[in-house]
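Trainee: Sequence and predicted structure are below.
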Amino acid sequence: GIQVEQSPPDLILQEGANSTLRCNFSDSVNNLQWFHQNPWGQLINLFYIPSGTKQNGRLSATTVATERYSLLYISSSQTTDSGVYFCAPFNNLFFGTGTRLTVIP
Amino acid sequence: DAGVTQSPTHLIKTRGQHVTLRCSPISGHKSVSWYQQVLGQGPQFIFQYYEKEERGRGNFPDRFSARQFPNYSSELNVNALLLGDSALYLCASSQAGGSSYNSPLHFGNGTRLTVT
């Protein structure tokens, strides 16, 4: 069956540090999104990135569809980056297991 | 422009009852999807509707049903509630749907359902 795995499952950072979150998927994709779920449960669309690289401020994402993975980079992390990060390939029908990020001041 | 709006925000129901959750998509979006998120897990896909037709269904029992109206708003209905139905129910809208699904998804703030 289709599998979406994210790593690491948990990450604790000091404010200002950089991090890389990974999403591996078991089949070819024609779209992929990254989401941030804040501590209040709101799911925010970060990137729509079926392939290539995109940047938005301190965040950037890269998807290598042929190798079935996507990376989310967070630079100069802030406490407001805390929450759970999900990737959703496969037409948003399947969400990954999530990476819980905690940024400590 | 208003984002995806869901109502109610919180709901408490008793086992065996039924519940109706509502969602209004972003203006111009024709597709609505429903997800269930249990505490500690990622969202699980329930339904997708596009142009008032069901275009996808996840692995949920027949107690779950949905529909989309001509104005593209949507309702999710759950009958014979079980304790395990307690979750955050998320609605998402996108511009496109159907076989391609190639359209970014935008989520509402969810309805938190508690079944006692």
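Mentor: Thanks, I have the structure now.
Trainee: Check the gap between the residue sitting nearest the centre point of chain B and chain A for me.
Mentor: Nearest to the geometric centre of chain B sits residue B:34, at 2.8 Å (Cα atoms, centre = their mean). To chain A, residue B:34 is 12 Å away according to Cβ to the nearest Cβ, to the nearest Å. C-beta coordinates here come from the backbone N, C-alpha and C atoms, glycine included.
Trainee: Isn't that residue up against residue B:93?
Mentor: No - applying Cβ atoms under 8 Å, one finds residue B:34 not in contact with residue B:93, separated by 10.7 Å.
Trainee: Pull up the overlap in contacts between the two.
Mentor: Taking Cβ atoms under 8 Å, 6 or more residues apart in numbering or on different chains as the criterion, residue B:34 and residue B:93 both touch residue B:23.
Trainee: Would you agree residue B:46 falls within a helix?
Mentor: No - assigned with DSSP: H, G, I helix; E, B strand; the rest coil, residue B:46 falls outside any helix and is strand.
Trainee: With adjacent residues omitted, what lies nearest to it?
Mentor: residue B:34 (4.3 Å; Cβ to Cβ, 6 or more residues apart in numbering or on different chains).
Trainee: got the contact list for that neighbour?
Mentor: Counted by Cβ under 8 Å, 6+ apart, residue B:34 has contacts B:23, B:45-48, B:66, B:74, B:76, B:89-92.
Trainee: mind redoing it with 10 Å?
Mentor: Neighbouring residues of residue B:34 by Cβ atoms under 10 Å, 6 or more residues apart in numbering or on different chains: B:21, B:23, B:43-49, B:58, B:60, B:64, B:66, B:74-76, B:89-92.
Trainee: Filter these down to the ones in strands?
Mentor: If you go by DSSP state E, these have B:21, B:23, B:44-49, B:64, B:66, B:74-76, B:89-92 in strands.
Trainee: Can you give me the neighbour number for residue 29?
Mentor: Going with chain A. Using other Cβ atoms under 10 Å in any protein chain shown, residue A:29 is surrounded by 19 other residues.
Trainee: other chain: chain B
Mentor: 20.
Trainee: Relative to residue B:89, how far out is residue B:112?
Mentor: Residue B:112 sits 8 Å away from residue B:89, going by Cβ to Cβ, to the nearest Å.
Trainee: Give me the secondary structure label for the residue lying closest to residue A:23 once chain neighbours are set aside.
Mentor: The spatial neighbour of residue A:23 that comes closest, neighbours along the chain excluded (Cβ to Cβ, 6+ apart), is residue A:87 at 3.5 Å. Of the three states, residue A:87 takes strand under three-state DSSP.
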